[in-house]
Every structure is written in C-alpha cells, then in structure tokens.
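J.: Give me a 3D structure for the following:
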Amino acid sequence: MQTPAPPPSVLPTVLPAARAVVAGVGAAVAAIAAADLLNPRYSPVTEVVSRYVNGTAGWLVTTALLLVAGASGLLLVLLRRAGAPRAGRRALGVWTVGVLVAGVFPADPPGQWGRPSTSDLVHGTAATPAFLALPLAALALHRWLARRVPRGAKALRAVLVASLVSTGVMLVCLVDVMDGPSLGTAAVPTLVGLAERIALGTALLWVALAAVAAARPADRA
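T.: Okay, here's the model as predicted:
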C-alpha cells in the first residue's frame, strides 16, 4: 500500500530537503576523497574506505559516514511523503541504520582482517547488510522513481545495474580477502578497496537521484 502523494503546499519544504540530501552526498564524497589524498601510504585499490579512520584526519571518514546516514534518513522522509512503495523504504531504512552504526563503530587499521576487534565486528556486521540493502531499495523503487522522472529513467536504470554488479563484485572481494587474498596479483593482492568505492559511489549517486525524483510534484510524474 502506498501513502497519498503530498499536496502542493508541502513542496516548499520538500525541495530544500532534496537539496540537503544532494549536498550531504556531495560533502560525503568530498570527505572520502580528502581522506584518500591525505593518506598516500594506503592504497584506495586495496584498502576499503572505513580503514582510513585510523589514518591521518580519520575523522573525515566518520564524518562522511554520518553524512551519508543523515542524507539517507532525509531521503526516507521524502519518499514517505511522496508515497513511495513501502518495501523500498524498508530496504533503504536498513541501509541508513547500517551506515549510521558503521560510522559510530570504527573499523580496524588496514591489513588487519584475521582477528577483528569488537568495534570492527560491529562495523562489518552493520556495513554488509547495508551494502546489500541499498541495491534492493533501488530495485524496489525503480519503477516508481522512473515514473516521476521519465527523462531520468535511463540514468536510474544505469545506476541500478551498476549498483547491483559493483556490490556483487565487492562482496566477492571481501570474502576473498578475509581468508587471505587469492584473486589478485603479487603487486595488487586485492581489488576490494576499488570495488567498495565503486559500489559506494553508485549507492550515493542513487541516493541523490532518488531525492531529486521524490521532490518532483506527483502531477508531473
């Protein structure tokens, strides 16, 4: 069951909220990029983003995750107001809570996969279902979003496919690295960092696009 579409009177508050989602996503991407640049001793190809919390300006990673959680939570509000399907909103809720918990509980330093700390276990337990839930949310909401922004339907479809594929590749890389990487080479033992950044990037792009679609008046869908 879908909730009723919002009346025109709420649109003045919906549009700034959508802009806030996009701004939050942009700020998170900037924070992650800055963390990468400030930690040249770590490789973004082999190390996942969350490991950088232990490096120079590690607070940037925590800030980025909290920004993503906040933007995703605001997107949930927008989707509910716009009458989006409940299944998609629930999946997005799993993503939002998972990212929030992952931001509160930091990961271990780079290279420490064998014996994770309690904080790292909580971080990983929250992050994994979050990464799984986001593509499911995108899939469940795809038709609804595409109807609201017909001109953006192709872009939404491309991001959906990219999210599904990149998340699958990232999970394969994560399983591989936990037992000792075997899919890479001597020079590049694993691509888990690169795979995660692509999966995260497509997830954030979808969040931004979904916010723009949810902010559109229903009579223009």
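J.: show me what contacts residue 47?
T.: Contacts for residue 47 (CB atoms under 8 Å, 6 or more residues apart in numbering) come out as 110, 192-193. For every residue, glycine as well, the C-beta is placed using N, CA and C.
J.: so where's the chain uncertain?
T.: Across the chain, the ranges flagged by pLDDT under 70 are 1-13, 113-114, 178-189, 218-221.
J.: Looking at it, which helix is longest?
T.: helix 118-148 (DSSP state H).
J.: same for that helix, what does it pack against?
T.: Applying 3 or more CB pairs under 8 Å, 6 or more residues apart in numbering; DSSP states H and E, we find helix 118-148 packed against helix 86-104, helix 153-178, helix 192-214.
J.: Hey, what's the angle from that helix to helix 153-178? Just curious.
T.: Helix 118-148 and helix 153-178 are oriented at 160 degrees to each other (axes from the mean of the first three to the mean of the last three CA atoms, to 10 degrees).
J.: returning to what we had before: let me know the closest of the contacts of residue 47 to residue 104.
T.: Comparing the contacts of residue 47 against residue 104 with CB to CB picks out residue 110 as the nearest, at 20.0 Å.
J.: Need the phi and psi values for that closest one.
T.: Note on residue 110: backbone dihedrals following degrees, to the nearest 10 are phi -60, psi 140.
J.: Give me the neighbour count for it.
T.: The number of residues packed near residue 110 is 19, by other CB atoms under 10 Å.
J.: Would you quantify the distance from it to residue 99?
T.: 20 Å (CB to CB, to the nearest Å).
J.: re the thing from before, can you add distance to residue 16 and give the contacts of residue 47 back as TSV?
T.: Shown next, in TSV, are those (distance: CB to CB, whole Å):
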residue	distance to residue 16
110	39
192	37
193	35
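J.: Pull out the buried residues from stretch 153-166.
T.: Buried residues in stretch 153-166, counting neighbours by 16 or more other CB atoms under 10 Å, are found at 153, 156, 159-160, 162-164, 166.
J.: residues contacting the residue nearest to residue 77 when sequence neighbours are not counted?
T.: Computed as CB to CB, 6 or more residues apart in numbering, the closest residue to residue 77 that is not its neighbour in sequence is residue 17, at 6.9 Å. Neighbour list for residue 17: 74, 77-78, 211, 215 [criterion: CB under 8 Å, 6+ apart].
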